[in-house]
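Participant: here you go, sequence then predicted model.
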2 protein chains.
Amino acid sequence: MTGLTQNLKETGAAIGEVLDELLPEPDGPEARLIEAMRYALIPGGKRLRAALVVTSAGMFSVSRSSALRVGAAMEMVHAYSLIHDDLPCMDDDDLRRGRASTHIQFDEATAVLAGDALQTLAFEVLADEDTHSNPAVRLELIRTFSLAAGVHGMAGGQMIDLEAEHHTLEIAQITRLQRMKTGALIACACESGAILGRAPARQRQALQAFAHDLGLAFQITDDLLDAEGSPAVTGKGVGKDAAAGKATFVSLLGLDRARQQAQMLADQAVAHLDTFDDKAELLRQVARFVITRDS
Amino acid sequence: MTGLTQNLKETGAAIGEVLDELLPEPDGPEARLIEAMRYALIPGGKRLRAALVVTSAGMFSVSRSSALRVGAAMEMVHAYSLIHDDLPCMDDDDLRRGRASTHIQFDEATAVLAGDALQTLAFEVLADEDTHSNPAVRLELIRTFSLAAGVHGMAGGQMIDLEAEHHTLEIAQITRLQRMKTGALIACACESGAILGRAPARQRQALQAFAHDLGLAFQITDDLLDAEGSPAVTGKGVGKDAAAGKATFVSLLGLDRARQQAQMLADQAVAHLDTFDDKAELLRQVARFVITRDS
């Protein structure tokens, strides 16, 4: 097992423990809602976004407990978006991470509510003083999360993606869509470490630029996995974009050029980290992992 | 027009203006999402929750601009919950405030996203320094909103309500459900004024107790309107609870006792305001309005 793989595994396990504490096994009549939230959150996937929070926070002497709580809030927002994206009225996916999607395992109404309540819980966690002793830091995190998740970020990107079923997008439009839909949250994860560490503006901008390129490299790799991957490995349905006649980086660029583009973006992302010297070694490894993963 | 009616109308108009500023007419490819959010938010209903924020804030020398922004955030959370509650997989309501529900006017996917993004925007507004100069006040608002909207508040209450279709609830269970589903947000609205005004704990508790009883009186009146009201006046479908065989305060208590109970709770709510003397006169009028309204 490489150092990074081991590191991601440990971070994933630690995030799982924090999530388990923040959302304990339920009782009472609202138990079904909490069960559905836990189902979507735990065991979870690669925890890439949480790992980006923890890894970037690690460059700025942030306490591990703060970083893990913000990583947990990040996974809550991510899980909420996946639950809602999988709904029949959205992308209509029955499979997620090798298991039935939340609306299949429970029902649609419970899935809608579980997504809603996960978003709420993320903000509750960020606002709590256990997350960071400095109120200004907590507010900055809440603002950054809300901008990344909102109309000009993740939710807006999903809206454009849904509308794309009715007209063909060009590469510039897909780039914009994906920068909003997946890139904004990935950038928020990287920035969160800098916010927690009260990093100077210059370093924060370097991390933004890194995340900007990384998010796009991540999405192109997702498109490649949808075109080439196997459901057994990716844990979700594949070939769906082509079946839906949806324009993707792969359909527009072809496999080879899409692969080159992902590589080029990952290299570009890593170049933004020069200012951090050795401290950013783990983030560099994450960038390489993002484009070579098989799920 | 009575003083209160005039006051509610003015507050409603001011809230509408603030919402219009916070969510301006859209352009760009994500425009459809913002249109749907605006459709659900503006012109809006009675703005009762925003009025409770503004009225309670009015007792503590809070700036009008702060109170209106928090009232606007409250209306965003309320609108998000209505959009999602109206979805086919939830309460399946085609009519809201005399117009097509958001998923009818747009489509289900857009409605899910519009609700999601309205919740996000509420937290973005609360975290913004324009809402209050003191970071501790903003964080307290965010925590109070998230607790009221989350698993042990509004979302949990809606979950219990959905499950109630499968088994008959008794009066104590319905009381608990409604305290979560509608009461928590109403209590949050009243508390927000006290948080903005940094009111002493004793006054904050008095407002909590007021809101606790008011929320239940509000819900019983809603059940009475569903049993007796006309769609032309209420602006939404009526008789739905009975048609669904759902236990409500009216089905369990009968019309007369439900009416008495609402009156008793409103009186009890008002009694908690004694500590405020004349300053609470408007809140007292709101309590009377809540149980005599026809929509």
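Facilitator: On my side now, so go ahead. Here the structure is a predicted model, which means the values were calculated and not measured.
Participant: check the gap between A:Met154 and chain B for me.
Facilitator: Distance, A:Met154 to chain B, using CB to the nearest CB, to the nearest Å: 9 Å. To be clear about C-beta, it is placed using only N, CA and C from the backbone, and glycine gets the same treatment.
Participant: what ranges does the stretch 1-150 of chain A have for its strands?
Facilitator: Assigned by DSSP state E, counting those that start in this stretch, the stretch 1-150 of chain A shows strands spanning A:95-96, A:99-100.
Participant: so what strands line up beside the first one?
Facilitator: What it means is strand A:95-96. Taking DSSP bridges as the criterion, strand A:95-96 pairs within the sheet with strand A:99-100 (antiparallel).
Participant: rewinding a little: dump the strands of the stretch 1-150 of chain A to a markdown table, plus mean neighbour count and mean pLDDT.
Facilitator: Below are those laid out as a markdown table (neighbours: other CB atoms under 10 Å in any protein chain shown; pLDDT from 0 to 100):
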| stretch | mean neighbour count | mean pLDDT |
| --- | --- | --- |
| strand A:95-96 | 19 | 90 |
| strand A:99-100 | 14 | 95 |
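Participant: can I get the ones you listed in TSV including distance to A:Thr144?
Facilitator: Compiled in TSV, those are given as follows (distance: least, CB to CB, whole Å):
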stretch	distance to A:Thr144
strand A:95-96	26
strand A:99-100	31
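Participant: quick one: closest of those to A:Ala164.
Facilitator: Ranking the strands of the stretch 1-150 of chain A by proximity to A:Ala164 (CB to CB) places strand A:95-96 first, at 21.2 Å.
Participant: centre of the chain to that closest one, how far?
Facilitator: 16 Å (CA atoms, centre = their mean, to the nearest Å).
Participant: ok, and the closest non-adjacent residue to A:Arg138?
Facilitator: Setting aside the residues directly before and after it, A:Arg138 is nearest to A:His132 in space (CB to CB, 6 or more residues apart in numbering or on different chains), at 5.5 Å.
Participant: where is the longest helix in chain A?
Facilitator: Ranked by residue count, the top helix of chain A under DSSP state H comes out as helix A:201-228.
Participant: tell me the contacts of the residue nearest to A:Arg138?
Facilitator: Contact criterion CB atoms under 8 Å, 6 or more residues apart in numbering or on different chains gives A:66, A:138, A:141, A:196 as the residues in contact with A:His132.
Participant: over to A:Tyr80?
Facilitator: A:40, A:114-116, A:118-119, A:122, B:116.
Participant: A:Glu17: which of the strands of the stretch 1-150 of chain A is closest?
Facilitator: With CB to CB as the measure, strand A:99-100 is the member of these nearest A:Glu17 (20.4 Å).
Participant: can you tell me which of the contacts of A:His132 is nearest chain B?
Facilitator: Closest to chain B out of those is A:Arg138 (6.0 Å), distances taken as CB to the nearest CB.
Participant: and the pLDDT for that closest one?
Facilitator: Note on A:Arg138: pLDDT of 98.
Participant: what mean pLDDT does stretch A:57-75 get?
Facilitator: Per-residue confidence for stretch A:57-75 averages out to 97 on the pLDDT scale.
Participant: and it, which residues are buried?
Facilitator: Using 16 or more other CB atoms under 10 Å in any protein chain shown as the burial criterion, the residues of stretch A:57-75 that qualify are A:57-60, A:62, A:66-75.
Participant: from the contacts of A:Tyr80, which land in helices?
Facilitator: Cross-referencing these against helices under DSSP H gives A:40, A:114-116, A:118-119, A:122, B:116.
Participant: closest to B:Leu33 among these?
Facilitator: For those, the minimum distance to B:Leu33 (CB to CB) is 9.4 Å, reached by B:Asp116.
Participant: can you pull out the helices in the stretch 51-200 of chain A?
Facilitator: A:64-86, A:102-105, A:108-127, A:135-149, A:154-163, A:171-178, A:184-196 (DSSP state H, counting those that start in this stretch).
Participant: residues in contact with the fifth one: which ones?
Facilitator: In other words, helix A:154-163. Outside of helix A:154-163, the residues within contact range by CB under 8 Å, 6+ apart are A:77, A:81, A:85, A:90, A:148-150, A:173, A:176-182, A:184-185, B:29-30, B:32-33, B:109-110, B:113, B:116-117, B:120.
Participant: from those, which would you call buried?
Facilitator: Neighbour counting with 16+ other CB under 10 Å marks A:77, A:81, A:85, A:90, A:148-150, A:176-182, A:184-185, B:29-30, B:32-33, B:109-110, B:113, B:116-117, B:120 as buried within those.
Participant: and the residue nearest to A:Ala111 when sequence neighbours are not counted, how many neighbours?
Facilitator: Spatial nearest neighbour of A:Ala111, excluding adjacent residues (CB to CB, 6+ apart): A:His103 at 3.7 Å. As a burial measure, A:His103 scores 27 neighbours (other CB atoms under 10 Å in any protein chain shown).
Participant: which ones are touching A:His103?
Facilitator: By CB under 8 Å, 6+ apart, the residues touching A:His103 are A:83, A:86-88, A:110-111.
Participant: nearest to B:Leu214 among those?
Facilitator: Checking the contacts of A:His103 against B:Leu214 with CB to CB, the nearest one is A:Thr110 at 29.5 Å.
Participant: show me what contacts the nearest residue to the closest one once chain neighbours are set aside?
Facilitator: Using CB to CB, 6+ apart and skipping the chain neighbours, the partner closest in space to A:Thr110 is A:Ala36 (4.9 Å). Listed by CB under 8 Å, 6+ apart, the contact set of A:Ala36 reads A:102, A:105-106, A:110-111, A:113-114.
Participant: can I get the residues you listed in JSON lines with distance to A:Leu48?
Facilitator: JSON lines is the format used below for the contacts of A:Ala36 (distance: CB to CB, whole Å):
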{"residue": "A:Thr102", "distance to A:Leu48": "20"}
{"residue": "A:Gln105", "distance to A:Leu48": "23"}
{"residue": "A:Phe106", "distance to A:Leu48": "25"}
{"residue": "A:Thr110", "distance to A:Leu48": "26"}
{"residue": "A:Ala111", "distance to A:Leu48": "23"}
{"residue": "A:Leu113", "distance to A:Leu48": "26"}
{"residue": "A:Ala114", "distance to A:Leu48": "21"}
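Participant: what's the offset of the longest helix of chain A from the middle of its chain?
Facilitator: 11 Å.
Participant: just the angle between that helix and helix A:184-196, please?
Facilitator: Here helix A:201-228 runs at 150 degrees with respect to helix A:184-196, directions being taken by axes from the mean of the first three to the mean of the last three CA atoms, to 10 degrees.
Participant: ok, so what distance separates A:Ile160 from A:Val151?
Facilitator: Distance of A:Ile160 to A:Val151, given as CB to CB, to the nearest Å: 11 Å.
Participant: likewise for A:Ile291?
Facilitator: The gap separating A:Ile291 from A:Val151 is 29 Å, by CB to CB.
Participant: who's more crowded, the two?
Facilitator: Between A:Ile291 and A:Val151, A:Val151 has the larger neighbour count (other CB under 10 Å), namely 27 against 21.
Participant: my guess is the more buried one contacts B:Ile34. True?
Facilitator: Yes: here A:Val151 lies in contact with B:Ile34, judged by CB atoms under 8 Å, at a distance of 5.7 Å.
Participant: got a pLDDT number for A:Pro128?
Facilitator: Actually, residue A:128 is Asp rather than Pro. According to the model's per-residue confidence, A:Asp128 sits at a pLDDT of 98.
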